[in-house]
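>>> Let's see this in three dimensions:
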Amino acid sequence: MKYKLLAVDIDGTLLNSCSQLTPATIAAVKKAQERGIKVVLATGRRLGNTMPLAEALGVREPMVLHNGGVVADPIGRRPLYQTGICPDLAVEILDKLSALPVNYLVYSGESAGERVLAASGSWQEPEDLLTHYLGEAAEFVPRVEITSPPVRFAIIDRPEKVDPLYEELRRDYAGRLSALLFGAKGDDWRGIEILPAHCSKGWGVAHVAERLGIPPEQTVAIGDNINDLEMILWAGLGVAMENGSPRLKEKAQIVAPSNDRDGVAFVIEEYLL
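Residues are numbered from 1 along each chain as shown. Coordinates of the predicted model:
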């Protein structure tokens with residue numbers, strides 16, 4: 001079967017461990033585009049720190065951002081669709097996090113997640129950690145106010161704080177919210193992303209594919225982490241990176257070479273061209 005769409009994660013997949021696009025990856029992606037294959041970036045990133053990569057690769061198709069919370073047009077640099085956490089539930093989460101000694105962020109709904117808010121006094125760690133996570137500084141405000149459905153919340157803290165909170169959120173908000181754990185075992189820092197219950201990269205890629213008139217069986221999806229699971233299960237060919245999570249590799253149809261061995265270029269050359 002001829003594949004027509006490539007959905008690809010960014011960090012840990014498209015980028016190597018130095019957060020770089022390699023010449024081999026750039027060449028392979030552009031060759032795929034020349035053959036008429038639609039390339040869709042699917043990431044937990046925001047529009048602002050995804051656009052430089054989209055421009056480097058010449059991506060023109062809608063991008064899946066915020067792990068499915070926003071679908072955006074890279075040409076017009078604007079959201080085409082966004083979802084969010086309903087305000088009543090968002091206020092409940094905000095009150096809960098405000099009462100805990102954890103670092104948290106709120107991605108504003110008014111800005112499609114581009115405006116990232118942190119309550120002054122709630123951030124216990126050096127701001128360089130925040131800058132490293134976001135790629136740029138957040139906006140510190142005296143108090144975060146929920147005036148529209150936020151795209152998501154993020155918690156970044158020590159594993160001993162994050163791990164039990166993750167289990168608590170999964171238990172108490174099952175069916176109402178989705179909680180994604182990020183950061184590897186042994187890392188000094190761990191994080192949780194809190195999104196609407198239906199939100200996933202799989203949903204976002206399906207939305208884009210429908211807009212393009214491409215069915216799942218003509219789609220290849222590549223990822224490395226558990227937030228890529230729904231995407232690779234939805235696609236006709238689901239690919240996990242060798243450097244990916246064990247669970248994702250168990251569920252994938254094939255395992256590609258690692259992101260430091262141009263795994264995305266390998267998949268394009270072997271399965272799409």
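>>> Could you use CA atoms for every contact and neighbour count after this?
Fine.
>>> quick one: what helix or strand has Glu55 in it?
Using DSSP states H and E, Glu55 sits in helix 51-57.
>>> before we move on, what about Asp88?
Asp88 belongs to helix 87-98 when assigned by DSSP H and E.
>>> what does Val40 give?
Counting by DSSP H and E, the element that carries Val40 is strand 38-41.
>>> Note down every partner strand of that strand and its orientation.
strand 5-8 (parallel) (DSSP bridges).
>>> Rounded mean pLDDT for the strand it pairs with, please.
Strand 5-8 comes out with an average pLDDT of 99.
>>> after it, next one along is what?
On the C-terminal side of strand 5-8, the nearest following helix or strand under DSSP H and E is helix 23-34.
>>> which helices and strands does that next one pack with?
Packing partners of helix 23-34 (3 or more Cα pairs under 8 Å, 6 or more residues apart in numbering; DSSP states H and E): strand 38-41, helix 51-57, helix 263-267.
>>> Adding mean pLDDT, distance to Ile75 and mean neighbour count, write these out as TSV.
Putting the helices and strands packed on helix 23-34 into TSV (pLDDT from 0 to 100; distance: least, Cα to Cα, whole Å; neighbours: other Cα atoms under 10 Å) gives the following:
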stretch	mean pLDDT	distance to Ile75	mean neighbour count
strand 38-41	99	13	23
helix 51-57	97	9	15
helix 263-267	98	24	23
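>>> TSV please, covering those and showing distance to Gly12.
Below are those laid out as TSV (distance: least, Cα to Cα, whole Å):
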stretch	distance to Gly12
strand 38-41	13
helix 51-57	14
helix 263-267	10
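>>> what about these, which gets the closest to Lys30?
helix 51-57 (6.7 Å; Cα to Cα).
>>> Contacts for that closest one, please.
Ile26, Val29, Lys30, Leu41, Arg60, Pro74 (Cα atoms under 8 Å, 6 or more residues apart in numbering).
>>> Quick check: the fifth one touching Gly76?
Right, the one you point to is Arg60. No - with contact defined as Cα atoms under 8 Å, Arg60 does not count as touching Gly76 (9.8 Å).
>>> Pick out whichever of these two has more residues nearby.
Arg60 (17 against 9; other Cα atoms under 10 Å).
>>> secondary structure element for Arg46?
Per DSSP H and E, there is no helix or strand for Arg46.
>>> Quick check: it touching Gly113?
Yes - between Arg46 and Gly113 there is a contact at 6.7 Å, judged by Cα under 8 Å.
>>> any residues in contact with both of those two?
Shared contacts of Arg46 and Gly113, defined by Cα under 8 Å, 6+ apart, comprise His66.
>>> Any chance of a markdown table for the contacts of helix 51-57, columns distance to Ala154?
Shown next, in a markdown table, are the contacts of helix 51-57 (distance: Cα to Cα, whole Å):
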| residue | distance to Ala154 |
| --- | --- |
| Ile26 | 31 |
| Val29 | 31 |
| Lys30 | 33 |
| Leu41 | 21 |
| Arg60 | 28 |
| Pro74 | 24 |
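>>> Dump the C-alpha coordinates for the strand holding Val40 into CSV.
Only the C-alpha atoms of strand 38-41 are listed here, as CSV (Å, rounded to 0.1, in the frame of the first residue of the first chain):
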residue,chain,number,x,y,z
LYS,A,38,2.0,15.0,3.5
VAL,A,39,4.2,15.6,6.6
VAL,A,40,2.4,16.4,9.9
LEU,A,41,4.4,17.4,13.0
